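Q: Return atomic coordinates for the entry below.
(one chain, ligands or ions: 1)
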Amino acid sequence: MKIAIYPGTFDPITNGHLDILERAVRLFDRVIITVAKNPSKKPLFDQEERYTLIRAAVKRYSNVEVDTFDGLLVEYAKKKHATALVRGLRAISDFEYELQMALMNRKLDSTLETVFLMPNEKYTYLNSSIVREIARLGGDVSGFVPDVALKALIRKLQKKK
Ligand code: ADP
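A: This next block holds a predicted model:
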């Protein structure tokens, strides 16, 4: 049974994240999409909210588990018996940071591989922070995020006003 972990902040989950998840699901028997707490990024949605949005967005997959984690990713992966980490690569700009993380994680656990997947071209410019910014300015982000995340964004930003 090949288990992969797809970790991230997912603040909130976007169609780009879902594109990567869909590719991972075809490669592995089980994919655990797991939400990092990441307080340093000062997320708009707290960890529980991000988790709940993903749960709603990935209901259709039978081999996907949604979880949260805090702490060292390699330890979490070991606990979950995972053999791979999945990360998305959009552009060369992602590469340097992702390479550094992948090599560091390999240093910490040489049995854990990082697998990079490329999204459909239409998602290469998409990230959660752009989505948050457009939504905050009143723009339409309905083509970029699943419906639950769209509704949550609208609710959250109304509350903040
Ligand atoms: P992190 O804070 O760990 O970068 P993110 O939530 O931004 O978390 O993203 C998690 C993973 O998903 C990262 O590997 C990121 O490169 C990837 N990712 C995010 N948006 C996209 C996208 N539009 N297309 C492909 N991969 C993406």
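Q: Only C-alpha atoms from now on, for both contacts and neighbour counts.
A: OK.
Q: and for stretch 85-92, what are the contacting residues?
A: Residues from elsewhere that reach stretch 85-92 (C-alpha atoms under 8 Å, 6 or more residues apart in numbering): 4-7, 17, 20, 24, 95, 98, 112-119, 123-125.
Q: Which residues of this protein lie near the ligand?
A: For the chain, the residues found near the ligand under the criterion C-alpha under 6 Å from any ligand atom are 8-10, 16-17, 20, 87-90, 119, 123-124, 126-127.
Q: after the lengthiest helix in the chain, next one along is what?
A: Of all the elements of type helix in the chain, the one with the most residues (DSSP state H) is helix 92-108. Where DSSP states H and E defines the elements, the next helix or strand beyond helix 92-108 is strand 113-117.
Q: quick one: that following strand to helix 92-108, angle?
A: Counting by axes from the mean of the first three to the mean of the last three C-alpha atoms, to 10 degrees, strand 113-117 lies at 160 degrees to helix 92-108.
Q: Only whichever of the residues of the chain next to the ligand are buried, select them in ChimeraX.
A: To isolate the buried ones among these in ChimeraX, judged by 16 or more other C-alpha atoms under 10 Å, type:
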select :8,9,10,16,17,20,87,88,89,90,119,123,126,127
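Q: Among the residues of the chain next to the ligand, which are located in strands?
A: 8, 87, 88 (DSSP state E).
Q: so what's the first one bridging to?
A: I take that to be residue 8. On the basis of DSSP bridges, residue 8 takes part in beta bridges with residue 35.
Q: So it sits against residue 32, correct?
A: No - assessed by C-alpha atoms under 8 Å, residue 8 is found out of contact with residue 32, at 11.1 Å.
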